[in-house]
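Visitor: Quick one, what's the 3D model for this:
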Amino acid sequence: MALHTNTRFDAELEDIRSRFLRMGGLVEAMIEDSMLILAEGDLSVVERVFEREKEVNRLEMDIDHSIAQTLALQQPTAGDLRLVISVSKMLTDMERSGDEAEKIAKMSRRLHESANRYEPVVDMTHFGEAVQKMLNRSLDAFARKDAILAADVVRSDKKVDKEWKGILRELSSYMIEDPRTTTACIDLIFIARALERIGDHAKNMAERVIYLVQGEDARHTSVKKVESMARGDEEPTAPATSASVSGDSN
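Guide: Numbers count the residues shown, from 1 in each chain. Coordinates of the predicted model:
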């Protein structure tokens, strides 16, 4: 009987894990489509972004319900509990990443539908690709339980932040030099900000992977210390499940 129960519990955990990865794949596709709208004005994919956002929201609610059921009925311990807690926290970051991708799609559509023909003031292709890569690598680290890869994602957030600040400076200069670009530049600033926030969410998820693998809370600390935690150099300072049960800012 115990074996049957354990087998069913393992299947439930794998189902939660696979649905979360599916949710992540949808968000990745949303970002890619949103950047396509911005770069090429392909408005035919706008509705696809909106439909995927609805599916992301449905998955978030379904997975959240499954996690609540698992915690109430199965009482997982040690590594299994860390997995459930980690996915529970990562769900919020993933859903918010989807929200940001939807914002990019809406603002990109507005830019291309405006009375004045939209001319790209700055090329955000590289920035979008860098953020997509962060999210993809966070998901990969989760799927493989690879804390070293997760730490690399945390480090890459600094480059994304630097690129965001560079784009902000460039767009501000354009507005000063040519006030006619103000409306488009403001929309582009919001798009760049949305991408930067997706990068932040990807970083948060990568930190959760380190917690999942090593039982260490990697939030609010230096990149070097995060990398040390990922390698397992840090001595655990608290029981494996306590680091994330307490209050958490998303």
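Visitor: longest helix of this structure?
Guide: Using DSSP state H to define each element, the chain has its longest helix at helix 2-40.
Visitor: Packing partners of it?
Guide: Where contact means 3 or more Cβ pairs under 8 Å, 6 or more residues apart in numbering; DSSP states H and E, helix 2-40 is packed against helix 46-73, helix 78-113, helix 125-144. Any C-beta I mention is one placed from the backbone N, CA and C, and that applies to glycine too.
Visitor: how about those helices, which one is nearest His220?
Guide: helix 78-113 (14.2 Å; Cβ to Cβ).
Visitor: and the end-to-end length of stretch 34-51?
Guide: Start-to-end span of stretch 34-51 (Cα to Cα, to the nearest Å) is 13 Å.
Visitor: Over to stretch 38-52?
Guide: 18 Å.
Visitor: Can you read off the pLDDT for the nearest residue to Glu53 once chain neighbours are set aside?
Guide: Nearest non-adjacent residue to Glu53, counting by Cβ to Cβ, 6 or more residues apart in numbering: Glu102, 4.7 Å away. According to the prediction, Glu102 has pLDDT 97.
Visitor: Would you quantify the distance from Glu102 to Ser44?
Guide: Note on Glu102: its distance to Ser44, by Cβ to Cβ, to the nearest Å, is 16 Å.
Visitor: So for those two, which sits in the more crowded spot?
Guide: Neighbour count, other Cβ atoms under 10 Å: between Glu102 and Ser44, Glu102 has more, with 21 against 10.
Visitor: Can you tell me what sits against the lowest-mean-pLDDT helix or strand in the chain?
Guide: Scoring the helices and strands of the chain by mean pLDDT, DSSP states H and E places helix 223-231 at the bottom, with a mean of 78. For helix 223-231, contacts defined as Cβ atoms under 8 Å, 6 or more residues apart in numbering pick out 147-148, 150-151, 154-155, 158, 207, 210, 213-214, 216, 218, 221, 234.
Visitor: Now do the buried residues in it.
Guide: Using 16 or more other Cβ atoms under 10 Å as the test for burial, helix 223-231 gives 226-230.
Visitor: Report the residue spans of this structure with pLDDT below the cut-off.
Guide: 1-5, 115-121, 234-250 (pLDDT under 70).
Visitor: possible to save the buried residues of helix 223-231 as CSV with distance to Leu21?
Guide: Converted to CSV, the buried residues of helix 223-231 look like this (distance: Cβ to Cβ, whole Å):
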residue, distance to Leu21
Val226, 23
Glu227, 25
Ser228, 28
Met229, 23
Ala230, 20
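Visitor: Can you name every helix or strand that the helix or strand hosting Asp157 contacts?
Guide: In this assignment (DSSP states H and E), Asp157 forms part of helix 147-177. On a contact count with 3+ Cβ pairs under 8 Å, 6+ apart, helix 147-177 meets helix 125-144, helix 182-214, helix 223-231.
Visitor: Reformat these as a markdown table; add distance to Gln75.
Guide: Listed next are the helices and strands packed on helix 147-177 as a markdown table, based on distance: least, Cβ to Cβ, whole Å:
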| stretch | distance to Gln75 |
| --- | --- |
| helix 125-144 | 23 |
| helix 182-214 | 18 |
| helix 223-231 | 27 |
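Visitor: got a list of what the residue nearest to Asp200 when sequence neighbours are not counted touches?
Guide: Spatial nearest neighbour of Asp200, excluding adjacent residues (Cβ to Cβ, 6+ apart): Asp157 at 7.0 Å. For Asp157, the contact set (Cβ under 8 Å, 6+ apart) comprises 134, 199-200, 202-203.
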